[in-house]
Structure formats: C-alpha cells, structure tokens
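# Mind looking at a prediction? Sequence and model below.
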Amino acid sequence: MTDDATRKTDAPKPAPVPKPSALAPKPGAPSPSAVKPTVAAARPAAVTERDRSAELAAAAAFGRVAEDTTVFVRTGDTERAVGQYPDATAEAALEYFARKYLDLVDAAALLEERLSAGASGDSIRQSAQKQTEALAEAHVVGDLEALRTRLTEIEAKAKEVSIAQQKAHLEARDEGLRARTAIVEEAEAIAGTDPARIQWKNSGARMIELFENWKHLQATTPRLPRATDQELWGRFSKARNTFDRHRREYFANLDKRNAEGKRIKEKLVAEAEALSTSTDWRETGAKYRALMDRWKAAPRAGRKDDDALWARFRAAQDVFYAARQKENEALDAEFAENLVVKEALLAEAQALLPVTDLARDKEKLRAIQEKWEDAGRVPRADVSRMENGLRAVEQAFADAEDARWKATDPEKQARTSGALAQLEEAIADLEADLAKAQASGDAKRIAKAQEALDARRAWFETLSRTAEELG
C-alpha cells in the first residue's frame, strides 16, 4: 500500500457533512455494513486475518454517534464530525470509522517496517510528515493524538536515519573515489612503462582486471560528482588507449625485427649448410666460429622460426665437426706409432742430463733432434707433452752452454749462484705440483709434472757443475 493511496483513500475532505438522505442506500445497492474500505484490501494478509476486535474497541472509544447518525471523533477536549453512516447501528458506524483509523495505524507501521528494512530515511520522513498533516481532516475514529505522536517519532527517527545514511553515502562515495583513483593511477603506471621492458601478457591481463574492477565500483558504490567521474574516466580511458597503442606498436616492430632476423638467419643457415661438406678443417672451423658470432648478433626470428633455423644451423655444424672428428681419430690412430718412437727419443734426450761433456752431448742431442723430425706427427693429445719435454732438454743444453761461455766472468758466477737459488725454489714448487698430481691420480698430469721436475733438476745439476768449475 503506497503513501499516496493511503492519503487518497483514508483522508477525504468531510465538508460539508452529508445529509442522512444522501447516504441512504439505493435500491439494489449493498447495505453500509457490507461495504469495506478500499484501503482494507491493500493491507497485508497478515493484518486483515488477525483478530483486531480489541483494537477496534479501543479506537471506537474515541468517537460517538449523534441522533442524526453523524459520527464524531474526540481529540483532547474537542471533537469534530467525520461523516455519517445511515441505516446502521451506532456500533456499526463507529466500527466502520475505527477500521479506517486502523488503516492509518497500519500505514504508520508500514513506514516503521520500511525504515527498519533500510529504506530511504528522507523518503520515510516525508511520508510520515504527510500522514501527520492528513490527520487533521482524516475521516476516522481513533486515538489521533497517539497516532500523531507515533508519526512524529517515526519522522524524527527517519531524520536520524537519513543523516546516518547520508554520512554512509558520503563515506562510500569517498571510498569509491579512492578506489577509482587507485585504479587510474595503476593503469597510468602500466601505460607509462617502457614498452621494451613491459611484460605484455601479464600487464594486458591486469588492465582487463582493472577495467572489471572499475565496472564493479560503478555498480556497487555511489555515483561521483559528474566532473570528478568524467575526469577520472578520461584519465583511465587515456591510459588504456595508450597501453593498447604501445602494445600494437611494439608487436608491429617486433614482427619487423623477427622478419629481419629470419632473413639474416636463413642466410647464415645457407652458408653453414654449404660449408658442412668442406674438408679444409682449419679454415672452415674458423668460418663456423665467425658464423656463430654473426648468429648471436642477429635479431631473433620469432620463437618458432628461431628454433627451426637454429636446428638447421646446428645440424650443418654437426655434419662438419663429425667429419673432422672422424678424420682426426683416423690420424691419431695413424700417428700412434710415431708417438712410440718420439717417447723413446725423448727418454734418450733426457738421459743426457745433466750435461757432463757439452761438446759430446750436443752431438748426441743433434742426432736425436734429426730423428725427432723424421719420426713425424703424434696424436693431438700428446703434442704439447712431447714438444715441451724436448724443449726442456734443449733449454738445459742452452743454459749449460751459456754458463760455460760465461765461466770466466765473476759477475756471471754470481748470477749463476742466483740462478741456482731460483732453480732450487722452482724445483721445490715442482715437487709440490708432482705430489698434487699423484694425489689426483691423473696419469697425464703426473707425467707432465714429472717431466718438468726432471728438466729443472737436470738444469740445476748442470749449473751446479758449472759453478764448481768456475769456483
């Protein structure tokens, strides 16, 4: 039941008081006792079904019926006519107008229920005020002062609720403003990120999430002032547009770079595949290293294309290096016999140390060197070990010859003594290296450390003998 319906049904203007003849029922019309007010039909079922006899009696106590069937309602020490109910008993007439009073009571109760349910306090206040004003001319019988007091209390309570609602509304609006501002600022921060450093997938998902959050705030928080709302939405929209524009530009440029990278790497792959059958091992190996440097410097070609091109590039390299490895293994097998010869020659050269007869031993060393050259190449893994071993022997002879040449120079004798001291330190270090090598169990490392130590010891003995001769 609406407030307007209540006013129209329950508060008709009573002036002038109708004559009894005017209210007499027409032929065929229902009797007044059978007539029910329209407002009663609008009352909730729970209200119309309960027993209200006590309430009707209490309301009827505030009225009386005159001899001419005019019904009066008493308000304080005064009374006023509210209408007539002809051809009915006084009790029926009072009950009729008492029921109309209870309709007003129900309307007040409905305002209380709506206020408790969270309806607009300002709307309830206005309705209570209008109902209070209508009491002055209401065609009802009942405790109008009590109802006026109740409506006044409802109006006061509604005013308090309205103030609280307005405060809550402002707080919710401020919170909505803060939330929207935070969304805008985050969107602007994302849009302002360097396109070269931004993570497009995560940032794009976050921008979508921010837009959904904005729509949720629009639906669940009070509207902002128009100017504020437009200003924030303008900033948010600009940030989203900037982000989308940067993303389009980034991926457009990325497509260009990928296309250029694909073109360059396809050329590198073609060169690599053309070299894969070459048997010029040294030069082609250098070319492959140069191709690798160019590959690293080239732009990416897109993940799928880049992976496919790299697989072709590596496959071409593998063909070349596999062929070279096979060739080297064959050569190493061929040179294995040469290694046996050179190991024997190296042992023979090392046996000449320390040098006792420089002229005689140099002849022997020269013969060993000739045989060394005639022996040919050794496997790659043994080249350094063999060359270093012979070089150490040759260095010992050179030092011995130099010492003999300088034998008559006192200053050279002093230098020989200094060289002996340095050799002693070097031998101590080499002995420590040999011990470490032996502890590791690495045969090649042990052999290398032993050869270096033997060479220094031989050199030391040669210089020692020279120093004795000088002394």
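The structure has been received and is ready for your questions.

# looking at the chain, which helix or strand does the model trust least?
helix 38-42 (a mean of 36; mean pLDDT, DSSP states H and E).

# for this protein, longest helix please?
Under DSSP state H, the helix in the chain containing the largest number of residues is helix 226-275.

# Next secondary structure element downstream of it?
helix 281-297 (DSSP states H and E).

# Mind giving me the packing neighbours of that next one?
helix 226-275, helix 303-350 (3 or more CB pairs under 8 Å, 6 or more residues apart in numbering; DSSP states H and E). Using the backbone N, CA and C atoms, a C-beta is placed for each residue, glycine as well.

# of these, which approaches residue 285 most closely?
Of all these, helix 303-350 sits nearest to residue 285, with 7.3 Å by CB to CB.

# angle of the closest one against helix 226-275?
Going by axes from the mean of the first three to the mean of the last three CA atoms, to 10 degrees, helix 303-350 is angled at 50 degrees with respect to helix 226-275.

# Out of the helices and strands packed on helix 281-297, flag the one nearest residue 391.
helix 303-350 (10.3 Å).

# For that closest one, enumerate the helices and strands it packs against.
Using 3+ CB pairs under 8 Å, 6+ apart, helix 303-350 sits against helix 226-275, helix 281-297, helix 358-375, helix 380-405, helix 443-470.

# average pLDDT across the third one?
Going back to what we said before, that points to helix 358-375. If you average the pLDDT over helix 358-375, you get 86.

# ditto for the second one
Helix 281-297 carries an average pLDDT of 89.

# contact partners of that helix?
Helix 281-297 has contacts (CB atoms under 8 Å, 6 or more residues apart in numbering) with 264, 265, 268, 271, 272, 275, 278, 313, 317, 320, 324, 327.

# at 6 Å what do you get?
268, 272, 275, 278, 317, 324 (CB atoms under 6 Å, 6 or more residues apart in numbering).

# Tabulate the CA atom coordinates of that helix in CSV.
Taking C-alpha atoms only, helix 281-297 is exported to CSV below (Å, rounded to 0.1, in the frame of the first residue of the first chain):
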residue,chain,number,x,y,z
TRP,A,281,89.3,-28.3,-41.3
ARG,A,282,91.3,-25.3,-40.0
GLU,A,283,89.8,-22.7,-42.3
THR,A,284,86.3,-24.0,-42.2
GLY,A,285,86.4,-24.2,-38.4
ALA,A,286,87.3,-20.5,-38.3
LYS,A,287,84.4,-19.8,-40.7
TYR,A,288,82.0,-21.6,-38.5
ARG,A,289,83.2,-19.6,-35.5
ALA,A,290,82.6,-16.4,-37.4
LEU,A,291,79.1,-17.6,-38.4
MET,A,292,78.3,-18.2,-34.8
ASP,A,293,79.3,-14.7,-33.9
ARG,A,294,77.1,-13.3,-36.6
TRP,A,295,74.2,-15.5,-35.4
LYS,A,296,74.5,-14.2,-31.9
ALA,A,297,74.5,-10.6,-33.2
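
# now it: how far from the chain's centre is it?
Centroid displacement of helix 281-297 relative to its chain, using CA atoms, centre = their mean, to the nearest Å, is 41 Å.

# buried ones in that helix?
284, 285, 287, 288, 291, 295 (16 or more other CB atoms under 10 Å).

# which one of those sits closest to residue 78?
The closest of the buried residues of helix 281-297, once distances to residue 78 are taken by CB to CB, is residue 295, at 109.0 Å.

# Of the buried residues of helix 281-297, which is the nearest to residue 63?
residue 295 (107.4 Å).

# isn't there a helix covering residue 83?
No - if the criterion is DSSP: H, G, I helix; E, B strand; the rest coil, then residue 83 is strand and not within a helix.

# what's stretch 244-262 in contact with?
195, 200, 298, 299, 300, 301, 302, 305.

# from these, which would you call buried?
For those, buried by 16+ other CB under 10 Å: 298, 299, 301, 302, 305.

# sorry, back to before: just name the closest of the contacts of stretch 244-262 to residue 155, please.
Closest to residue 155, out of all of those and judged by CB to CB, is residue 200, at 59.9 Å.

# need the contact list for the closest one.
Residue 200 sits in contact with residue 247, where contact means CB under 6 Å, 6+ apart.

# Please report how far residue 451 lies from residue 351.
13 Å (CB to CB, to the nearest Å).
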